[in-house]
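Trainee: Got a sequence here, can you model it:
(chains A and B)
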Amino acid sequence: MDEQGALWTADQVLALAPDDASRRAGSKLGAAGPWSGAGSGGQGAVWGLCKGSGSTPYRTVVDTTGPAYQCSCPSRKFPCKHALGLLLLWSGGGVPSGPGAAGAPDWAETWLAGRRGRAEAAAASAETGPADPEAARRRAERRAARISAGALELEQRLADLLRGGLAAAERSGPALWEETAARMVDAQAPGLAGRVRELGAVAGSGPGWPVRLLEECALTHLLDRAWLSADRLPGPLAATVRTRVGLTAPPGGPVLRDHWLVLAQYDAADAKLTTRRIWLHGETSGRTALVLSFGAGGRAPQLAFPVGAVLDAELRPYEGGGGLRAELVEQFGVPAPSGPPPRGGTVGAALTAYGLALRDDPWLDAWPVTLAEVVPARAEYGWQLADARGTEREAVPLTRAAQARPGLWRLVALSGGAPLTVFGECGHQGFTPLAAWSRDAPGETVPLV
Amino acid sequence: MVAKDVWEELVTSALLGTDRRPHGGASGDAAPVALLGAAATHTVRRRAGLRPGPAAAPLEAAPEDGRRPLPEAARRRLARLLAGRAAPAPSGGRRGSAPDLTELLPQWLAAAHERGYRAPAAALPALLDAARARTDLRPQALAFAGPRGLWLARLNPEWKFALRGAGGGGALPDPGDAEAVSALWEEGLFAERVALLTAVRAQDPAAGRALLASTWGAERAEDRLMFLDSLRAGLSGADEEFLEAALSDRSRNVRATAAELLSALPGSALAARMAERAASCVSLDRTQGAAAIVVEAPHECDAGMQHDGVTATPPTGRGERSWWLGQLVEAAPLHCWPARFGGRRPEEIVALPVTDDWQGELHAAWCRAAVRQRDADWSRALLGAPAAPQATGPGTSSLAERAKLLSTLPAEERARWVASFIAAHGLSEAFQLLGVCTVPWSGALGRAVVDALDIARDAGSYPWSFSGVMGLAERCLSPETVPQLAALTTLPAEAEDASPGAGGYWSEAFQRLVATLELRAAMHAELTEA
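Mentor: Okay, here's the model as predicted:
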């Protein structure tokens, strides 16, 4: 590996694309044709000029340690097709690497220097606390009081619903739920608002909906109750409840430095917000961490990592929720191209892990687990993952969403009927496979989303 | 009470409402809260206690694929080509200077397959999707996907196309295994039987014929037609008896195909009968001074002719007699003509004048015969000199016919001929002829094409008038042409009489050509392991 770090694979680059159209457009730009003055230097910088339809070429620069992108094109997509094309050109060995960052043209160097400056400033400001602790405390108290009022109101609403019967919920339509959700937004409890919208979606949502609605109502009730008596809960559970209600505390745990393998990265979008979930696994600590990144108004979230890469980085965990969620504090050097998969267990062990995680967070829908030595198999209800070893072969069904995804077929193709290692989210709805490693190529992370 | 019953009670109360169905002794305001509390406990308990279910029968393991894994760089390339595969072609004639990856995928697949590489397992779904969307990709994509690709296709109905057609079963018995072959021949689906017959015929032509003969009488007419067609491969005099019998088949199409196959065997009895009939119509006339060919087209289509595959009724707009003549000459072996014309060689015969405007008809029939009989001498004679003005060419044959004639010549001669043709006539007519040349184009042919493009540019036309040839050039030009092309990518000064902006478009088109050729060179280098 040179100063640059190893090149990423095309798959890893394409995984950064915000959508299929960008992936295609970026692929077309991944050849030398439109590029001039392309170069790369130390500290993960890659730059180049891309000829577009106008007279001046676009200036594209990428910091692969972020990765972060800057391009003079008017695209609102992030990264834009030029950044993707440049990275593809680079991944194919088509960008000459210069000695140190000194070779970067001024326009690229300005941006790169700005990034380094901001990173240092952010690190410095993290050291100092809020300006006025007393005012902050009063604000927090006011907000807690509002959320409590909201929780009480929601409790009333749930009680009314159960008194009249769920059968009526299907007839009442979504308007009532929407209104309740809006009340929760006003109460500054976005977590409760989200749950209420979910409830509205469950009513009348196909066979078995009353059971699902009862479960979700009960868990919402549990959350309301827990919030209203949070001062009597043990610390970690109280933190979970605060997070579930929608109060985000800054990450506060001790910093973890490790070599983190990027297991999976996928987006879930609604009209207002795109949430990117990035699953990481620490090679030394064995910990699994979830880094979230958000993009508002149809923009792709800033943070993106190539699946299968290994980052030398510091994470700081958030409290609650089983300690999964963490924030990226700092990254050292450039990502290495690949690493070994997490050590996995049986299907039974995965369900046990989910069950244990419910102690800290009863509202968990799924828990990250790695299954080792499993095969995809087809049962009457659909696809499942089954233990390939042992006398009593056990299996977990794939979630309905996973059954319908193209990634299912990549999983089946990769297996070819032989056992493999699969990382995914395991919960009460089944297992969602997110990445897999075959026996033939255990160092190659195959993304399934 | 067991947990399941408790839960069902809870659901019933919840559905009907605690006002009508109180739960657990609580009443009034306390009832719904008690119900929710109990349901929450139950839900969390159930989720925490989830256990695995029984495993379904494991999938049958995918067959071993003994081919080599792809080198890393080639694997990345494939991922990029597959990611770009669905990119729609930009509308209009202008395509920018970036290479078109969609066009390169088939070539990449064919090259990877030839070199004995195995498709990466994780890429199989994308490969099958690509083959599903583009029928032109199917043969290469499926060959490269290999046995695991077919294994996967069997699991997903969207890919069932992969299982149809020749070789689609993926499980043909060894042609030497007589028992398995006859079992599949007796019981197989039509597509499997066609694939089986083709495979057996390829290994042992006589065994293939025998297999077909074993059930011939019992086959349906349209199946007989398809099966008969598979005898085309490895056709020899040994097949004559079988084909001769098929001339009396109930189906007219089967009879016509049998006659066509027999006429491609110059030594067959049918060929001799046709030679006799054709000779009686075409003869040398010395009475006019200089030698000339006299044609006396048949006056009737008798039962014998019809038995030998001559179609009696002409298509609309064609005269009966010229229609019959054409068929007779087409089916007659070409070697019968030198004797008929005083020992003249094919080019001398072709050069003879033909009386009464029969030349077009006669030469066209000879062209068809030369193609059918794969006769290079006659093809050469009928093609004439590539530089000759087209209207006066001996064959006056259409470009499509010339392309077919060319295909009977050895590859190098073909390329030389087309290069001379382009040098003389430019590119506007060359498209079909280029299509029959082997890839990559020979040095001379490549130079001729590039020179002709350069001339077209200087003449002031727009590059999209040549988009067909440009597209072919991207696929077929040898990367060695790049230095010659590089000089053409510069933006020329706009000539006064040129079409507005043409220079810029040409420069862009040549840039794309260069980029594509470089990409192809890189692709091939990646597939050649150090």
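Trainee: residues near the residue of chain A found nearest chain B, how many?
Mentor: Closest contact between chain A and chain B, by CB to the nearest CB, is at A:Gly165 (3.0 Å). Glycine gets a C-beta too; all of them are placed from N, C-alpha and C. A:Gly165 has 19 neighbouring residues, counting by other CB atoms under 10 Å in any protein chain shown.
Trainee: Residues of the stretch 401-530 of chain B that sit close to chain A?
Mentor: B:Gln511, B:Arg512, B:Val514, B:Ala515, B:Glu518, B:Leu519, B:Ala522 (CB under 8 Å from any CB of the partner chain).
Trainee: As JSON lines, these with neighbour count would be great.
Mentor: Output for those, formatted as JSON lines (neighbours: other CB atoms under 10 Å in any protein chain shown):
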{"residue": "B:Gln511", "neighbour count": "22"}
{"residue": "B:Arg512", "neighbour count": "22"}
{"residue": "B:Val514", "neighbour count": "25"}
{"residue": "B:Ala515", "neighbour count": "21"}
{"residue": "B:Glu518", "neighbour count": "17"}
{"residue": "B:Leu519", "neighbour count": "25"}
{"residue": "B:Ala522", "neighbour count": "18"}
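Trainee: related to what we said a few turns ago, quick one, what contacts the residue of chain A closest to chain B?
Mentor: Remark: with contacts taken as CB atoms under 8 Å, 6 or more residues apart in numbering or on different chains, A:Gly165 is in contact with B:Ala14, B:Leu15, B:Leu16, B:Gly17, B:Asp19, B:Arg20.
Trainee: what's the nearest residue to the last one if we skip its chain neighbours?
Mentor: The shortest distance from B:Arg20 to any residue other than its chain neighbours is 7.0 Å, reached at A:Gly165 (CB to CB, 6 or more residues apart in numbering or on different chains).
Trainee: Also the fourth one?
Mentor: Here the nearest residue to B:Gly17 in space, its sequence neighbours aside, is A:Gly165; by CB to CB, 6+ apart that works out to 3.0 Å.
Trainee: How much space separates the residue of chain A closest to chain B from B:Asp29?
Mentor: 16 Å (CB to CB, to the nearest Å).
Trainee: Quick one: the helices in the stretch 301-449 of chain A, in order.
Mentor: Here the stretch 301-449 of chain A has its helices, by DSSP state H, counting those that start in this stretch, at A:347-360, A:400-403, A:407-415.
Trainee: Among those helices, show me which one is buried the most.
Mentor: Mean neighbours per residue, mean count of other CB atoms under 10 Å in any protein chain shown, is largest over the helices of the stretch 301-449 of chain A for helix A:407-415, with a mean of 24.
Trainee: List of residues touching that helix?
Mentor: With contacts defined as CB under 8 Å, 6+ apart, helix A:407-415 is touched by A:375-376, A:383, A:398, A:402, A:420, A:422, A:433, A:436, A:438, A:446-449, B:59, B:121-122, B:124-125, B:148, B:152, B:155-156.
Trainee: ok, back up a step: can I get the residues of the stretch 401-530 of chain B next to chain A in CSV including secondary structure and pLDDT?
Mentor: Below are those laid out as CSV (DSSP: H, G, I helix; E, B strand; the rest coil; pLDDT from 0 to 100):
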residue, secondary structure, pLDDT
B:Gln511, helix, 85
B:Arg512, helix, 84
B:Val514, helix, 88
B:Ala515, helix, 85
B:Glu518, helix, 86
B:Leu519, helix, 85
B:Ala522, helix, 87
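Trainee: How about the contacts made by whatever residue of chain B ends up closest to chain A?
Mentor: Using CB to the nearest CB, B:Gly17 is the residue of chain B that sits closest to chain A, at 3.0 Å. Counting by CB under 8 Å, 6+ apart, B:Gly17 touches A:Leu162, A:Arg163, A:Gly164, A:Gly165, A:Leu166, A:Ala167, A:Ala168.
Trainee: what do you get for A:Gly297?
Mentor: Contacts of A:Gly297 by CB under 8 Å, 6+ apart are A:Lys272.
Trainee: any idea how far it lies from B:Leu152?
Mentor: Looking at A:Gly297 against B:Leu152, where the rule is CB to CB, the gap reads 40 Å.
Trainee: What of A:Arg405?
Mentor: Counting by CB to CB - A:Arg405 and B:Leu152 are separated by 16 Å.
Trainee: same deal with A:Gly208?
Mentor: As judged by CB to CB, A:Gly208 and B:Leu152 stand 32 Å apart.
Trainee: where are the low-confidence patches of the stretch 151-300 of chain A?
Mentor: A:298 (pLDDT under 70).
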